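Participant: Sequence isn't available, so here's the structure alone:
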């Protein structure tokens, strides 16, 4: 058996698409096909070149290595095709090609005979412990829509998205799954075409142009990658050759769970991840449902797959950024694999921001302590994502307690609080200008709100906030050389962050009433100097300058104040 095919069966192949994706035959007469359907009785290929006639479909030949191979004379670049498989149960079924680089835009799409565009040069913006990381998450299918409801393609999306992200000083954009999927209601999380950017947005060529546009503006590109479950639609991966070739049973979302103990399935997923980073130019992946997989595979199959994934991608693509959506307590998602961890660079931590949103939704006078930290011992991204902006909670701004002006004041406080926390940060589109409606994959955010002065002011505030964040090492430096001290947790919350000789006090009054005489211990007993506000929410007056004596300070805090003060 050839070494590359042996690797596929062993579960370590990084280029399974190179084995199975069709390619032109020598001499320009037709295309060559290869199919993984080990339990099939017969396999045929048909498509545009033969008028989709089942009776003249080209027969593929079973080979000793368990694969089916053959040639379709007359097939040409750009034509659509499917496999016709006589499955193990004796039933003929039409199947799409799961390794194809492109599809037609339809429910269970026919694959398209095509190659890949030249990959863009990777940007790999520095995103480690010593660098800012500020991620803008969006859904490509709804971030912008044409007036008649049509999708924006990746090219049109780039025209609007890149200037918007640059204006707001994001370091990366994160696309909810941009691969091929049949059902819009899944938000892209139930896929059928793991190797292909969705044809509804222009396919691989347009996706690469989007990445190039982002890179040209200094923006990194992250793609959501879904290696745990897939769409149950007949005609794609489900019961592919009449057996459970890819699946290990139903998930909790109406989809099917991948069999992560299967070598070929591991190679399929590992190769798909390499496609997005290597061939399509993504600077990183956010890996979906990690915690769910660890629960589903308590024997360690999921954990070993994630270690294989992170080790392979880090070795093959230095600087790639790998983020786990969620994990189980104690799984050590960001610890090195040789120390028993999963090897991710970061893990989402949604707990603190969800708790703060709940606190700010509570009536005034009922706001006490909250979790400043969620996960301990991990490198975290403080995330307020699409899950937090959909039903039942809905968008951030309207859930906050109080009148309109109080809601905007608390939204500014919320965003500064997130930026000031240890860890990196992610927000979902719409939070930056005060979206009112919950996330809906069928409609774009309410961009018309930017004509309102308060919404425009919130957008401008976010741009200034994240520019300030990127300019202050103490707000993003982690690990060696950085320090954190929690000074207060209650209706008033405060902490000190230090790095590179910079000392910042971040302080928040969660109530509308001013608070005089708030005494804080900065955790630096011998410290003396002045604390002066250098950034604030602007809800009311700035925090007055205060004198520090022996690490103690007394502050006068206006209502709804959020402020960063520097020690000088």
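Facilitator: Cool, the structure landed. None of these values were measured; they are calculated from a predicted model.
Participant: Tell me where this structure has helices.
Facilitator: With DSSP state H as the criterion, the chain has helices at 3-10, 16-20, 154-167, 203-216, 263-274, 290-296, 301-316, 351-361, 386-389, 396-399, 404-420, 453-470, 473-476.
Participant: Those: which one's closest to residue 86?
Facilitator: The closest of these to residue 86 is helix 16-20. By CB to CB, the value is 19.0 Å. From N, CA and C alone the C-beta is placed, and that goes for glycine too.
Participant: The closest one: which residues count as buried?
Facilitator: 16, 17, 19, 20 (16 or more other CB atoms under 10 Å).
Participant: returning to what we had before: got JSON lines for the helices of the chain, with distance to residue 482 and mean pLDDT too?
Facilitator: Below are the helices of the chain laid out as JSON lines (distance: least, CB to CB, whole Å; pLDDT from 0 to 100):
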{"stretch": "helix 3-10", "distance to residue 482": "42", "mean pLDDT": "96"}
{"stretch": "helix 16-20", "distance to residue 482": "41", "mean pLDDT": "95"}
{"stretch": "helix 154-167", "distance to residue 482": "27", "mean pLDDT": "98"}
{"stretch": "helix 203-216", "distance to residue 482": "29", "mean pLDDT": "97"}
{"stretch": "helix 263-274", "distance to residue 482": "31", "mean pLDDT": "98"}
{"stretch": "helix 290-296", "distance to residue 482": "26", "mean pLDDT": "96"}
{"stretch": "helix 301-316", "distance to residue 482": "23", "mean pLDDT": "98"}
{"stretch": "helix 351-361", "distance to residue 482": "18", "mean pLDDT": "95"}
{"stretch": "helix 386-389", "distance to residue 482": "27", "mean pLDDT": "96"}
{"stretch": "helix 396-399", "distance to residue 482": "28", "mean pLDDT": "97"}
{"stretch": "helix 404-420", "distance to residue 482": "13", "mean pLDDT": "97"}
{"stretch": "helix 453-470", "distance to residue 482": "15", "mean pLDDT": "98"}
{"stretch": "helix 473-476", "distance to residue 482": "7", "mean pLDDT": "96"}
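Participant: right, and these - which one's nearest residue 339?
Facilitator: Closest to residue 339 of the helices of the chain is helix 301-316 (CB to CB; 10.8 Å).
Participant: Next, the angle helix 263-274 makes with the closest one.
Facilitator: Orientation check (axes from the mean of the first three to the mean of the last three CA atoms, to 10 degrees): helix 301-316 against helix 263-274 gives 40 degrees.
Participant: Which members of the buried residues of helix 16-20 are the farthest-apart pair?
Facilitator: 17 and 19 (7.2 Å).
Participant: Overlap of the contact sets of the two?
Facilitator: Common neighbours of residue 17 and residue 19 are listed as residue 99 (criterion: CB atoms under 8 Å, 6 or more residues apart in numbering).
Participant: Where does the record place the domain boundaries for the protein?
Facilitator: What automatic domain parsing lists as the domains of the chain is 3-7+14-112, 482-567.
Participant: Could you list the low-pLDDT ranges of this protein?
Facilitator: Within the chain, the segments meeting pLDDT under 70 span 107-108.
Participant: show me the contacts for residue 170.
Facilitator: Counted by CB under 8 Å, 6+ apart, residue 170 has contacts 134, 135, 136, 219, 466.
Participant: how about 10 Å then?
Facilitator: Neighbouring residues of residue 170 by CB atoms under 10 Å, 6 or more residues apart in numbering: 132-137, 164, 218-220, 425-427, 432, 462-463, 466, 470.
Participant: Would you mind measuring from it to residue 352?
Facilitator: From residue 170 across to residue 352, the span is 20 Å (CB to CB, to the nearest Å).
Participant: before we move on, what about residue 449?
Facilitator: 27 Å.
Participant: neighbour count winner among the two?
Facilitator: residue 352 (23 against 19; other CB atoms under 10 Å).
Participant: residue contacts, the more buried one?
Facilitator: Going by CB under 10 Å, 6+ apart, residue 352 touches 370-375, 380, 382-384, 417-418, 421-423.
Participant: Check residue 142 too.
Facilitator: For residue 142, the contact set (CB under 10 Å, 6+ apart) comprises 151-152, 176, 184, 187, 429, 439-445.
Participant: which of those residues lies closest to residue 482?
Facilitator: residue 429 (29.6 Å).
Participant: roughly how far apart are the closest one and residue 92?
Facilitator: From residue 429 across to residue 92, the span is 45 Å (CB to CB).
Participant: So between the two, which is more surrounded?
Facilitator: residue 429 (25 against 12).
Participant: List the contacts of the more buried one.
Facilitator: Neighbouring residues of residue 429 by CB under 10 Å, 6+ apart: 136-139, 142-144, 161, 164-165, 173-174, 176, 386, 389, 435, 439, 444-445.
Participant: The same query, at a cut-off of 8 Å, please.
Facilitator: Applying CB under 8 Å, 6+ apart to residue 429 gives the contacts 136, 137, 138, 139, 143, 435, 445.
Participant: Just the buried ones among the residues you listed, please.
Facilitator: Here, 16+ other CB under 10 Å leaves 136, 137, 138, 139, 143, 435, 445 buried among those.
Participant: got JSON lines for the residues you listed, with distance to residue 8 too?
Facilitator: JSON lines is the format used below for the buried ones among the contacts of residue 429 (distance: CB to CB, whole Å):
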{"residue": "136", "distance to residue 8": "37"}
{"residue": "137", "distance to residue 8": "33"}
{"residue": "138", "distance to residue 8": "34"}
{"residue": "139", "distance to residue 8": "33"}
{"residue": "143", "distance to residue 8": "37"}
{"residue": "435", "distance to residue 8": "45"}
{"residue": "445", "distance to residue 8": "43"}
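Participant: Okay, and which of those residues map to strands?
Facilitator: Among the buried ones among the contacts of residue 429, the residues falling in strands (DSSP state E) are 136, 137, 138.
Participant: what's near enough to touch the first one?
Facilitator: Going back to what we said before, that points to residue 136. Contact analysis of residue 136 by CB under 8 Å, 6+ apart lists 165, 168, 170, 172, 173, 174, 426, 427, 429, 432.
Participant: and the second one, how far is that from residue 25?
Facilitator: Which is residue 168. 50 Å.
Participant: can you check residue 299 too?
Facilitator: For residue 299, the distance to residue 25 (CB to CB) stands at 44 Å.
Participant: between the two, who's got more neighbours?
Facilitator: The residue with more neighbours, out of residue 299 and residue 25, is residue 25; 15 against 8, by other CB under 10 Å.
Participant: if I pick the more buried one, what's in contact with it?
Facilitator: 31, 32, 71.
Participant: one more time with 6 Å, if that's ok
Facilitator: Listed by CB atoms under 6 Å, 6 or more residues apart in numbering, the contact set of residue 25 reads 32, 71.
Participant: pretty sure residue 468 contacts residue 534?
Facilitator: No. Counting by CB atoms under 6 Å, residue 468 does not reach residue 534; the two are 7.9 Å apart.
Participant: that older thread, so which of the contacts of residue 429 is the closest to residue 304?
Facilitator: Residue 304 has its nearest neighbour among these in residue 137, at 28.6 Å by CB to CB.
Participant: beta partners for the closest one?
Facilitator: Beta bridges link residue 137 to residue 174, residue 428, judged by DSSP bridges.
Participant: any idea how far it lies from residue 172?
Facilitator: 9 Å.
Participant: Now for residue 501, how many residues are close by?
Facilitator: Residues near residue 501, counting by other CB under 10 Å: 8.
Participant: Over to residue 249?
Facilitator: Neighbour count of residue 249, defined by other CB under 10 Å: 9.
Participant: go on, the one 5 residues further on?
Facilitator: Residues within reach of residue 254, counting by other CB under 10 Å, total 12.
Participant: residues touching it, list them.
Facilitator: Shown in contact with residue 254 (CB under 6 Å, 6+ apart): no residues.
Participant: Torsion angles phi and psi at it?
Facilitator: phi 80, psi 0 (degrees, to the nearest 10).
Participant: ok, it to residue 189 distance?
Facilitator: For residue 254, the distance to residue 189 (CB to CB) stands at 11 Å.
Participant: Correct me if wrong: residue 444 contacts residue 141.
Facilitator: No. If you go by CB under 6 Å, residue 444 and residue 141 don't touch, sitting 9.5 Å apart.
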